[in-house]
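Sequence and predicted model, in that order:
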Amino acid sequence: MYKVIISDDHMPMLNYLSANIPWQSLGLELVATCADGEEALEACVAHRPDILITDIGMPIMNGLEVIQLACAANSRLKTIILSCHEDFQYAQRAVQLEVSDYVLKESLRVEQITEILKKLRGKLDAERASQREHQQLQEVVKSNGSAIRATFLGSLIEQPIWNLTEWEEKAESIGIHFEQKIPYLPVMAILEHPHELEERFGGKHNMRFVLLNGLDELITIDGCVLLSFDERSSLIMFPFPKTISRNLYEEIQLLLKQVQIKMIQYLKTGISFYLGGVCKSLTELKTEAQRFLDLGSFRFYAGENCLIKWQVIKTTKDDIFVHYANILQSIRNCIVGKDKQLAATTVHHWIVHINHLKYPVEAVQGLVLKLVTEIELKYTVMQSFVTNFNVEQFHRIIYAIETLDHLERWLTQYLEQKITSLGSIKDVTLRKEIAEAKRYVIMNPGEKISMEEMAQRINMNSSHFSRMFKVETGENFISFVTRVKMERAQELLDQSDLTVQEIAEQLGYEHTSYFIKLFRNYSGHSPREQRRRL
């Protein structure tokens, strides 16, 4: 439906036209009727009509003034003048304003206005179709241009530059003017959380379109060229000529900060920018583009929504799994204690350690996957809770996380959810005092814990505590303490380089031989045999 406004200070004329023209059958909607020029102009600003029917002689502002101002704001507006004047002066001014038709009120008939409106609707249909075709053509050209630039970048990275002149001509055709001795600053742009964006935008192709369109609209420096790496990353080529009057590097950084703000504001998505080295030739651009393909570790430790100069990052050769047993125990303490704040603090502590030493990304992801797997098995499967545990699903999620701060946020949320889910499970057969005793033993495997001391801690008689513990858990208290310590011993033997003596001392045993005897009774083999089984 096209929108129409009528303006006339003669109320009977307004009512006549409003009531008698078959608006709906013409595909038109009458959105406003106005009694003076000022009101008509305000209605045009508010409704942006397709057709304006107006009298000339109106108070405050005449019809020709309304047309002039309304058309200045909307060049596609079609106008019809109603007038009691046959003065050539008005007709001449109407021609200058490209008025669609000029109708004398004395001879006005509904059929006449209806025919004029039919013709105007036909023109509007044709213009809309033409505009749609033009937009489609622009999208095709733009899409083809993006494909050509993406092909150029892929070929530049993968193929050798045998004929420099030929390559420079290709670069020239997409707007990169190395032949004109213009240097460029390449900047890698990467969308955050691509898997979420792919689902939100309806596929990888749409995600690429959103990225390129967003950057194309927001990058306002003349001469920039966008080269698509893949669906979620692009290379922005900023012209970077030498100048003493401007700090181009600072200007580019300020612009990219604004782009980050607007991408979050309008598209609800984060984006990171990595600045490369200034390139004065295609050979240098090839080198920089290849370097950008190896962002992995640097991006992981640089974090999300960053704006930073790309550099090589050296990862440590230390084995992160040396700390696995301690990390697992500290996290278990949070879960057993049902302490979400402690869980967040504990995760942050280990993340700071990882960030300080810069472990290889795959090792960090592998450690987190192992932690989650053990937690699921320990607190879900072994306790007969209903579970949707799927190690492949966790593998996909964890290995898709690209930054350390995202990994910290995900692991913290996972532990909070785990604490909530375990806390909601009520075992009505387990007395509060017995549950507290079990929790204390699990969280303090290194303490020497006698039955008498535990009974005193929970304000129970020791013999009554012993009987109740056996009834509630199916095993006596000393056997439970030994089992918890031996499970911890297995973890330390498997995941640490501590000696058998050091493990015995850490678990509160003064004599290593006694510890070895208990471990053999529990597992069926010695501590050293446990390590050889790996």
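Structure's in. What do you need?

Okay, buried residues for stretch 11-22 please.
M13, L14, L17, I21 (16 or more other C-beta atoms under 10 Å). (Each C-beta comes from the backbone N, C-alpha and C, glycine too.)

Keep only those of those that are in helices.
Counting by DSSP state H, the buried residues of stretch 11-22 place M13, L14, L17 in helices.

Go through those and name the one nearest M443.
Closest to M443 out of those is L14 (82.8 Å), distances taken as C-beta to C-beta.

so who does that closest one touch?
By C-beta atoms under 8 Å, 6 or more residues apart in numbering, the residues touching L14 are I6, D8, T33, A35.

what about 7 Å?
Neighbouring residues of L14 by C-beta atoms under 7 Å, 6 or more residues apart in numbering: I6, D8, T33.

What is the burial count for L212?
21 (other C-beta atoms under 10 Å).

Give me the secondary structure label for it.
The three-state label given to L212 by DSSP: H, G, I helix; E, B strand; the rest coil is helix.

Need the buried residues of stretch 11-22 in JSON lines (columns: distance to D318 and pLDDT).
Below are those laid out as JSON lines (distance: C-beta to C-beta, whole Å; pLDDT from 0 to 100):
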{"residue": "M13", "distance to D318": "89", "pLDDT": "88"}
{"residue": "L14", "distance to D318": "85", "pLDDT": "89"}
{"residue": "L17", "distance to D318": "85", "pLDDT": "90"}
{"residue": "I21", "distance to D318": "83", "pLDDT": "92"}
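
so can I have a markdown table of those residues showing distance to I320?
Putting the buried residues of stretch 11-22 into a markdown table (distance: C-beta to C-beta, whole Å) gives the following:
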| residue | distance to I320 |
| --- | --- |
| M13 | 84 |
| L14 | 80 |
| L17 | 80 |
| I21 | 78 |
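
Please enumerate the helices of the stretch 1-150 of the chain.
For the stretch 1-150 of the chain, applying DSSP state H, counting those that start in this stretch gives helices covering 11-20, 37-47, 63-73, 88-96, 110-158.

contacts for the third one?
Residues from elsewhere that reach helix 63-73 (C-beta under 7 Å, 6+ apart): 7, 37, 40-41, 44-45, 52, 54-56, 77, 79, 81, 93, 97, 99.

how much does that helix deviate in direction from helix 37-47?
Here helix 63-73 runs at an angle of 20 degrees relative to helix 37-47 (axes from the mean of the first three to the mean of the last three C-alpha atoms, to 10 degrees).

Hmm, L218 and V259 touching each other?
Yes: the criterion here is C-beta atoms under 7 Å, and V259 meets it with L218 at 4.6 Å.

ok, these two, which is more surrounded?
For V259 and L218, the more surrounded residue by other C-beta under 10 Å is V259, and the numbers stand at 21 against 17.

for that one, helix, strand, or coil?
Applying three-state DSSP to V259 yields a three-state assignment of helix.

how much space between it and N62?
47 Å (C-beta to C-beta, to the nearest Å).

Same check on K448?
The gap separating K448 from N62 is 101 Å, by C-beta to C-beta.

More neighbours: these two, which one.
Applying other C-beta under 10 Å to K448 and N62 shows that N62 carries more neighbours, namely 17 against 11.

wait, what's in contact with that one?
Contact analysis of N62 by C-beta under 7 Å, 6+ apart lists G37, I56.

hang on, the earlier thing: of the contacts of helix 63-73, which qualify as buried by neighbour count?
Of these, these count as buried by 16+ other C-beta under 10 Å: 7, 37, 40-41, 44, 52, 54-56, 77, 79, 81, 93, 99.

Then E198 would be within a strand, right?
No: membership of E198 in a strand is not supported by three-state DSSP, which gives helix.

where's it relative to T269, distance?
E198 sits at a distance of 11 Å from T269 (criterion: C-beta to C-beta).

Compare the two and say which one has the larger neighbour count.
Using other C-beta under 10 Å, the more surrounded residue of E198 and T269 is T269, with 21 against 17.

element containing F238, please.
Under the criterion of DSSP states H and E, F238 resides in strand 233-239.

Using CSV, write out the CA atom coordinates for that strand.
This file holds the C-alpha atoms of strand 233-239, laid out as CSV (Å, rounded to 0.1, in the frame of the first residue of the first chain):
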residue,chain,number,x,y,z
SER,A,233,37.4,-13.0,9.3
SER,A,234,38.5,-10.3,6.9
LEU,A,235,41.7,-8.4,6.0
ILE,A,236,41.3,-4.7,6.0
MET,A,237,43.9,-2.8,3.8
PHE,A,238,44.3,0.8,5.1
PRO,A,239,46.3,3.2,2.8
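
ok, that strand: who's next to it in the sheet?
strand 184-191 (antiparallel), strand 225-230 (antiparallel) (DSSP bridges).

just those: most buried one?
Comparing the strands paired with strand 233-239 by mean neighbour count (mean count of other C-beta atoms under 10 Å), strand 184-191 comes out on top with a mean of 23.

quick one: average pLDDT of that one?
Strand 184-191 carries an average pLDDT of 95.

hmm, who's touching that strand?
Contact partners of strand 184-191, identified using C-beta under 7 Å, 6+ apart, comprise 176, 197, 211, 215, 232-240, 252, 269, 271-276, 278-279, 285, 288, 292, 295.

would you turn the ones in helices among the buried residues of stretch 11-22 into TSV with distance to E436?
Below are these laid out as TSV (distance: C-beta to C-beta, whole Å):
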residue	distance to E436
M13	89
L14	83
L17	85
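
Any regions of this protein where pLDDT drops low?
Scanning the chain for pLDDT under 70 picks out 85-98, 133-147, 379-390, 423-430, 534.

which residue is nearest the centroid of it?
T269 (3.8 Å; C-alpha atoms, centre = their mean).

Restrict the contacts of L14 to the buried ones and give me that as a ChimeraX selection.
Per 16+ other C-beta under 10 Å, the buried members of the contacts of L14 correspond to this ChimeraX selection:
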select :6,8,33
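
Phi first, then psi, for the closest residue in space to Y359 that isn't next to it in sequence.
Among residues not flanking Y359 along the chain, I320 sits closest, at 4.6 Å (C-beta to C-beta, 6 or more residues apart in numbering). For I320, the backbone dihedrals (degrees, to the nearest 10) come out as phi -70, psi -20.

What's the local residue count around I320?
Around I320 there are 18 residues (other C-beta under 10 Å).

Show the contacting residues for it.
Per C-beta under 7 Å, 6+ apart, neighbours of I320: Y359, A363, V364, L367.

Buried ones among those?
Y359, A363, V364, L367.

tell me which of those is nearest to T316?
Once C-beta to C-beta is applied, the member of these that ends up nearest T316 is Y359, at 5.8 Å.

that's a helix at that closest one, yeah?
No: Y359 is assigned coil when assessed by three-state DSSP, not a helix.

ok, it touching T315?
Yes: Y359 sits in contact with T315 when judged by C-beta under 7 Å, with a separation of 6.2 Å.

hang on, the earlier thing: wait, which of the buried ones among the contacts of helix 63-73 is closest to L518?
Of the buried ones among the contacts of helix 63-73, the one sitting nearest to L518 (C-beta to C-beta) turns out to be C44, at 90.3 Å.

ok, now which ones touch that closest one?
Applying C-beta under 7 Å, 6+ apart to C44 gives the contacts I5, L52, A70.
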